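Undergrad: Please find the sequence and the predicted model below.
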Amino acid sequence: MEIADPVQVAGIVVVFGGASAALYRGVIRPFARVARQAAMFFSDWFGEPPRDGVPARHGVMERLASIEHKAERAEFHLGNGNPKPLREIVEENVDRLDRIEGNQGPSD
């Protein structure tokens with residue numbers, strides 16, 4: 001059994017070190033970046049349950065449902081489901097508020 005030449009051992013160490021660094025920079029680091037971005041996307045998409053001191057975060061579909069519900073309520077109040085125009089409703093409410101506060105105003 002022969003003892004390896006120290007220069008050859010140093011050369012092998014340098015080659016493997018360089019190959020490892022190139023593999024890390026070229027493959028592992030970009031893959032880790034994509035994996036982190038995918039994890040952030042999926043946590044936004046599906047939401048997160050509550051943790052100690054951190055409230056739950058709703059997923060995309062729950063947030064869209066909430067937006068649709070708010071839009072439907074606004075649409076109802078803006079006239080599609082209500083026979084009176086919004087301006088007339090506001091004026092009636094101002095008149096009622098004036099009467100409640102004791103100001104003079106028309107009565108129903």
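TA: Now that the structure is in, tell me what you want to look at.

Undergrad: So, low pLDDT: which residues of this protein?
TA: Within the chain, the set of residues satisfying pLDDT under 70 comprises 1, 79-83, 103-108.

Undergrad: Spell out, range by range, the helices that occur in it.
TA: 6-23, 29-46, 60-75, 86-100 (DSSP state H).

Undergrad: Go ahead and flag the most central residue of the protein.
TA: Of all residues in the chain, the one closest to the mean position by C-alpha atoms, centre = their mean is residue 44, 4.7 Å from it.

Undergrad: Leaving out the residues flanking it, which one is nearest to that one?
TA: Spatial nearest neighbour of residue 44, chain neighbours left out: residue 60 (6.6 Å); criterion: C-beta to C-beta, 6 or more residues apart in numbering. For the C-beta atoms, the positions are set from N, CA and C on the backbone; glycine is no exception.

Undergrad: same check, this time on residue 49
TA: residue 56 (5.6 Å).

Undergrad: What is the burial count for that neighbour?
TA: Residue 56: 11 surrounding residues under other C-beta atoms under 10 Å.
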